[in-house]
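Engineer: Dropping the sequence and predicted coords here.
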Amino acid sequence: AQSVAQPEDQVNVAEGNPLTVKCTYSVSGNPYLFWYVQYPNRGLQFLLKYITGDNLVKGSYGFEAEFNKSQTSFHLKKPSALVSDSALYFCAVRDSNAGNNRKLIWGLGTSLAVNP
Amino acid sequence: GAVVSQHPSWVICKSGTSVKIECRSLDFQATTMFWYRQFPKQSLMLMATSNEGSKATYEQGVEKDKFLINHASLTLSTLTVTSAHPEDSSFYICSAPDRQRDKETQYFGPGTRLLVL
């Protein structure tokens, strides 16, 4: 069965420090992986995705994520956190074998708090 | 990126009434749109996949007669919550991929908060 796990409900980091938000997945075929961010009372904004190619993907607002096939992970990272990065982060996966069904499987979200 | 709008952004209604939420793709055509609901501090729950010109595909456990979806054009999908009750109060979000620009990325509307009294 396809699934996404975000093991941490909340991540706290000091401003200026590096941040990591963890995500692991399970799919039968090759994964298409996504990170989205949600600010309070807002829809989701796309940050980055991995489809194929380089395992290190760079996205919006200085975020990046590394696809690790052996560990089935796609952790989100940023070298230096900003207070404005405080938000809810969602990891999602789609099985490339699903064809035209573009339904995403979502993690439960990780609340990131960056402290000044 | 592609822009998706929703209307209204929030709505309060009395129990038993119906509420229609619109999802529009503003600068691209969307043959497929997805409808989600989100409870406070929880993940997204996919309700249904809206297909232009055909019936929506509902997820298991979602009542199709309760949540009516119409996707009559390539830029508009509507979700109607019929005979709304307090337990239908939630944050409803739609999304759509822009298949001409990037078929894999879903672009999200800003959401509609529904409160049923």
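Structural biologist: Structure's in. What do you need?

Engineer: which bits of chain A sit near chain B?
Structural biologist: A:32, A:34, A:36, A:41-46, A:49, A:51, A:90, A:94, A:102-104, A:106-109, A:111 (Cβ under 8 Å from any Cβ of the partner chain). To be clear about C-beta, it is placed using only N, CA and C from the backbone, and glycine gets the same treatment.

Engineer: Tell me which stretches of chain A form strands.
Structural biologist: With DSSP state E, the ranges of strands along chain A come out as A:3-5, A:10-14, A:19-21, A:24-26, A:31-38, A:44-50, A:56-58, A:64-68, A:73-78, A:87-95, A:105-106, A:110-115.

Engineer: same thing with chain B?
Structural biologist: All strands of chain B, identified by DSSP E, fall at B:4-7, B:10-13, B:19-25, B:32-38, B:44-51, B:57-58, B:67-73, B:76-81, B:90-98, B:102-108, B:112-116.

Engineer: With mean neighbour count as added columns, please give these in a markdown table.
Structural biologist: Shown next, in a markdown table, are the strands of chain B (neighbours: other Cβ atoms under 10 Å in any protein chain shown):
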| stretch | mean neighbour count |
| --- | --- |
| strand B:4-7 | 18 |
| strand B:10-13 | 14 |
| strand B:19-25 | 21 |
| strand B:32-38 | 24 |
| strand B:44-51 | 20 |
| strand B:57-58 | 18 |
| strand B:67-73 | 17 |
| strand B:76-81 | 22 |
| strand B:90-98 | 24 |
| strand B:102-108 | 20 |
| strand B:112-116 | 19 |
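
Engineer: Any residue of the least confident helix or strand in chain B by mean pLDDT touching chain A?
Structural biologist: The weakest-scoring helix or strand in chain B, judged by mean pLDDT, DSSP states H and E, is strand B:102-108 (a mean of 88). Yes - shown here: strand B:102-108 in contact with chain A (Cβ under 8 Å from any Cβ) through B:103, B:104, B:105, B:106, B:107, B:108.
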